[in-house]
Every structure is written in structure tokens, then in C-alpha cells.
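> Could you work out the structure for the sequence below:
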Amino acid sequence: MRALTSFWSLWCKDVGSASFVGMGALFAVVLVPLALLLGKTDEAGFMLSFAIIGFSSAIAWQWNRLHAAEWSLINPGFPAMVRQQSLALIGASAVLIVASWLWLDVPLGYGGLALLLGAGFLWLCSRRPGNFYLSMVAFFAIVLFKPLLALAPILNLLALPLALMAWIWLDARLWRTHWQQGAVSIYCNGMTTGGFFLPNWQWLQPTRVVDAWLFPFSYFGGPAINAFLLLIPVMALLVSVLLKMNGSDTSFLHLWVQFAVMMSAMAHWTRTMRWHSVDSLLMLPLFSGWDDFCQRFYRAQLRFLLLTALSMALTAAVVIGLFALPAWIWLLTVLATVWGAALIMALGVFSRNSLHTTALMLLMILPLVTVDVAIRFSLKGEIDTGLWLGVNAVLVGVSLLLMRATSGRLPRA
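Now for the predicted structure:
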């Protein structure tokens, strides 16, 4: 137990692992129960998977941190402590998965596949520290779990035992290695971008134009956020086709709204992590002063909001077309996404640390629930279309006004 007494200092005060642990706790404690209250066990499985991947990413971050500093490896007690705390986190994840299955009827395969995916992600990081950049790919791979479980139902039983065996195998091999130069750059980049950065892959080159268009907002988030916003319609098409091939009538449109809105929160997450570098940015001959920087940041946020709306417009068109949902749901989805993202960006300017941005993610529940409830009521024919669209249009206006009112409230570095 003494090895766990320093868990708070090591995992929750380190800005990198705290972000992933905080995200995992948010999904496990808040979003899983919310999905169950709405009667959505599959969505609860998705939320649980997010939590497990968050915990696995935190372990990968600590592994990189351990191998980025020589002093940590020559201290005989420190690697053992990180190892034991990592095992405790995996053990708690396994207990959470089984408890959710036994008492909350959350399908066992979601948590098992997430734990197996987390093990694979950590193994890739151990082979090459630069693979930590794939953390967000691991998060978005969760959307493939339902089609995969539909194709191979046996994974509901096999995924968790296989995942536990994979983690036991990893535990015997990961903690006897030496200092790695690649881990140093990953740790330094992660401390300034929250690990939310994509390497210079050639197929991501088109996003550089978007990065320039969104500057200085994109300076803090890097290309990852923009790239995933652009890829959401493609992923929605792939997942929707797989679901239809398996005879599913569940569109998961509200989950795509969650992903799109979550990108606004992630943008402010990375901003808080590299906010100390804003002084060097202001030294460049780009801004006439702090007020000019705040106004340009605000206008860049509006452009990011436009990109979010376009991404969701395409995504909603794909999903609604494939699942034959009412046409007005398309407009409602776009409106809910816009006011949800705008609200997060309006309040996100007040964020100063990872705790604030983790709490900020709670706001993405609002548009998610709005779209989910609207779809459920529309399928029953028990909904006032004009009222729902009118209220959401008003919320768009209020959120945009709030963005304007908070445009100069960015905290000084």
C-alpha cells in the first residue's frame, strides 16, 4: 500500500498523465451512468471504453516519462513504484469492466477490447516512443468496437482474458529497459501539447493549410484536432456502413456530435498545457499587443467553429441518409453541435489547468443528450419540430454572444 501513497503526486499532479486520468475518470463516473440513465447500454460501453483508453494512455505517458530521465532509471525504487501503480490502475480498470457487466449490464466486450487496445498501444510505445502520437487514433478506434463485436460475438467472452494476459506479458518486459532518447522528445512535446500532436505524415499535409487558416488558435492544438475534424465524416461513413451490414438500426449520430464538440474542449486542453510558450509567440512581429492577440484568437475560434459545423454537416448527412432518419434532424444536429462547441470555447478561455478543461468536457453532454433525445422522440412521432429547432437556434445565438463577451478574457501567461 505504501507504493500507492504517492499516486496522487505522480499521476494527478503531472499535467500529462493527469489529463488522461481525468478524462478517464470523467467518462467512467459521469458519462457511463448518464448513458445508462438514457437506457443506452451500448453507448455506456463506448464511454467505458473511453475511460479505459484514457487510463492506458496515462500509463504510456508515465512509461515515456520514466524512460526520458536517466535519474528515474538509476533510482532503484522509482521504476518499481511506477510499475506497481500502473498495475493497480489496470487492476482497477478490470474491476470496473467486470462490475459494469455484472451490475449495470454493460456489454463485457467493450471494456475488454479497450483494455486489449490499450495494451497494444503501450507495446507500440515501448517499441518506438514516437508511437505515443497515435494515442488519439486509439481513442477514435473505439467506434469500431460495436461492428467488431457484431461480426465476432465470441469477443465478448475472450477480449477481457486476452487483454489481461497481454498486460501480464507486458509487465514482465516493459520495466527493465534503459534510457531512450526518443522518449525525451515525446515527453517534452507532450508537456507543451498534451500529447495531442500528430507527426509529419505525408497524408496529413492538406491539414497544414487549415492550420494556417486557424492561427493562432491552431498554434496550441497542432494538426491533430483539425485532422480528426476533417476525418470524422469518413469515419462516420465507415462505421455506419459496417453497422448497416450487420442489420443495426442504431445510428450513433449523437456520438459523432460528442466527438465534434469534444475537439473544442481538446483545443483548450492543449492551450492550457502550452500556455507558457505564449510569451515567445508574442515576441514575433505578428501581433501589436495582447489585445490584438486576444482578438485574433477569438476570430480563429470562429473559423474553427465554422470547420466544426461543416464537418458535422457532412457527418449528419451521411448518417441520416444511411439510417433514413427525418430530414430535420440534420439541421438540429448542426445547430446542437454549433452551440455546444461555441459554449465550450466561450468558457474555455477561462481554463488555466487540466482540471478546468476536464470539467469543461462535461458541457459536451448537453448537445449529445439533445440529439439523442430528439432522435428517440422523432421516431415515436412525439416531438414538436419547430420548437426543438427554434430553441436550438436561440442557443446558437446565445453561445455566439457569450463567445464575443469572453473574447478578451484569456489569462495572461
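
> where does Arg409 fall, helix, sheet strand or coil?
coil (DSSP: H, G, I helix; E, B strand; the rest coil).

> Going forward, the N-terminal residue is numbered 58.
Understood, numbering begins at 58; the last thing we discussed is Arg466.

> That one is in contact with Ser408, isn't it?
No. Using C-beta atoms under 8 Å, Arg466 is not in contact with Ser408; the gap is 10.8 Å. Bear in mind the C-beta positions are built from the backbone N, C-alpha and C, glycine included.

> higher neighbour count, the two?
Applying other C-beta atoms under 10 Å to Arg466 and Ser408 shows that Ser408 carries more neighbours, namely 22 against 12.

> pretty sure Tyr117 is touching Leu191, no?
Slight slip there: residue 117 is Ala, not Tyr. No. In this structure Ala117 lies outside contact range of Leu191 using C-beta under 8 Å: 9.7 Å.

> Domains in this protein, by residue range?
For the chain, automatic domain parsing gives the domain ranges 58-252, 253-470.

> give me phi/psi at Asp162?
phi 60, psi 30 (degrees, to the nearest 10).

> ok, and the closest non-adjacent residue to it?
Thr98 (5.6 Å; C-beta to C-beta, 6 or more residues apart in numbering).

> Please list all residues in contact with that neighbour.
92, 161-164 (C-beta atoms under 8 Å, 6 or more residues apart in numbering).

> could you point out which element follows the least confident helix or strand in the chain by mean pLDDT?
Within the chain, no helix or strand scores below helix 238-250, which has a mean of 59 by mean pLDDT, DSSP states H and E. Going down the chain from helix 238-250, the next helix or strand is helix 263-270, by DSSP states H and E.

> Which elements pack onto that following helix?
Counting contacts by 3 or more C-beta pairs under 8 Å, 6 or more residues apart in numbering; DSSP states H and E, helix 263-270 packs against helix 274-278, helix 280-302.

> can we see that at 10 Å?
Helix 263-270 sits against helix 274-278, helix 280-302, helix 347-380, with contacts defined as 3 or more C-beta pairs under 10 Å, 6 or more residues apart in numbering; DSSP states H and E.

> In PDB, list the C-alpha atoms belonging to the first one.
Listed next in PDB are the C-alpha coordinates belonging to helix 274-278 (Å, rounded to 0.1, in the frame of the first residue of the first chain):
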ATOM      1  CA  PHE A 274      -5.800  29.000 -32.300                       C
ATOM      2  CA  SER A 275      -4.000  26.100 -34.100                       C
ATOM      3  CA  TYR A 276      -0.700  27.100 -32.600                       C
ATOM      4  CA  PHE A 277      -1.700  25.400 -29.300                       C
ATOM      5  CA  GLY A 278      -3.500  22.400 -30.600                       C
END
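
> Summarise which helices and strands it is packed against.
Using 3+ C-beta pairs under 10 Å, 6+ apart, helix 274-278 is in contact with helix 238-250, helix 263-270, helix 280-302, helix 310-330, helix 335-339, helix 347-380.

> Please compute how far that helix lies from its chain's middle.
16 Å (C-alpha atoms, centre = their mean, to the nearest Å).

> What are the phi and psi values at Asp441?
phi -90, psi 100.

> What about it, how many residues nearby?
Neighbours of Asp441 (other C-beta under 10 Å): 10.

> now Arg461
12.

> same check, this time on the one 4 residues further on
Taking other C-beta under 10 Å as the criterion, the count of residues near Gly465 is 13.

> my guess is it contacts Gly346, does it?
No. Judged on C-beta atoms under 10 Å, Gly465 makes no contact with Gly346 at a distance of 11.8 Å.

> separation between the residue nearest to Asp162 and Phe189?
Separation of Thr98 from Phe189 (C-beta to C-beta, to the nearest Å) stands at 32 Å.

> tell me which element the closest residue to Asp228 other than its chain neighbours falls in.
The shortest distance from Asp228 to any non-neighbouring residue, by C-beta to C-beta, 6+ apart, is to Leu144 (6.4 Å). For Leu144, the element it lies in under DSSP H and E is helix 134-161.

> same thing with Ser408?
Assessed by DSSP H and E, Ser408 sits outside every helix and strand.

> so it sits right up against Arg328, yeah?
Yes. When contacts are counted by C-beta under 10 Å, Ser408 is listed as touching Arg328 (7.4 Å).

> any common contacting residues for the two?
414, 467 (C-beta atoms under 10 Å, 6 or more residues apart in numbering).

> excluding its backbone neighbours, what's nearest Leu300?
Nearest one to Leu300, counting by C-beta to C-beta, 6+ apart, is Pro204 at 5.9 Å.
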